[in-house]
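*Asks:* Sequence plus predicted model, see below.
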Amino acid sequence: VQLVESGGGLVQPGGSLELSCAASGGIFDIYHMGWYRQAPGKEREMVATITVGGGTNYADSVRGRFTISRDNDKKTVYLQMNSLKFDDTAVYYCRAQEPAGYTDYKPVLYWGQGTQVTVSS
């Protein structure tokens with residue numbers, strides 16, 4: 001499974017960006033998908049996740065500002081980011097979680113290479 005993120009860039013505070021993560025290989029429909037981010041000097045943290053059934057979960061810091069969605073036909077997961085803040089500056093990573101029993105007896109995680117989001121005036 002390969003995950004390729006796009007859509008990052010430089011944006012002013014209060015602006016918006018939409019990230020995309022396109023998957024190839026594997027069976028996208030069975031993957032729980034998520035967006036994570038890592039700021040300089042900080043640990044990687046969960047931003048938003050979406051289950052196979054479309055259930056979503058958000059970090060408190062982004063709830064109400066970010067929206068995660070998925071298009072199974074396009075094998076793509078999106079992260080719409082609104083009202084961006086300086087603290088949202090980070091490398092954003094896409095993650096796919098494959099359930100146990102497909103390629104391994106335990107769940108398997110796949111990561112993209114990341115896309116930089118910089119919020120600056």
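*Replies:* Okay, I see it. Numbers count the residues shown, from 1 in each chain.

*Asks:* Which residue of the protein lies farthest from its centroid?
*Replies:* The outermost residue of the chain, judged against the average C-alpha position, is residue 105 (24.9 Å), by C-alpha atoms, centre = their mean.

*Asks:* how about that residue, secondary structure?
*Replies:* Secondary structure assignment for residue 105 (DSSP: H, G, I helix; E, B strand; the rest coil): coil.

*Asks:* give me the number of residues near residue 100?
*Replies:* Using other C-beta atoms under 10 Å, the number of residues around residue 100 comes to 11. Heads up, the C-betas are built off the backbone N, CA and C, glycines and all.

*Asks:* in terms of contact, does it touch residue 30 like I think?
*Replies:* No. Look at residue 100 against residue 30 with C-beta atoms under 8 Å: they stay out of range, at 11.0 Å.

*Asks:* For the residue nearest the centre of the chain, which residues are in contact?
*Replies:* The structure's the chain has its C-alpha centroid closest to residue 35; by C-alpha atoms, centre = their mean the separation is 2.1 Å. The neighbours of residue 35, taking C-beta atoms under 8 Å, 6 or more residues apart in numbering as the test, are 19, 21, 46-49, 68, 77, 79, 92-95.
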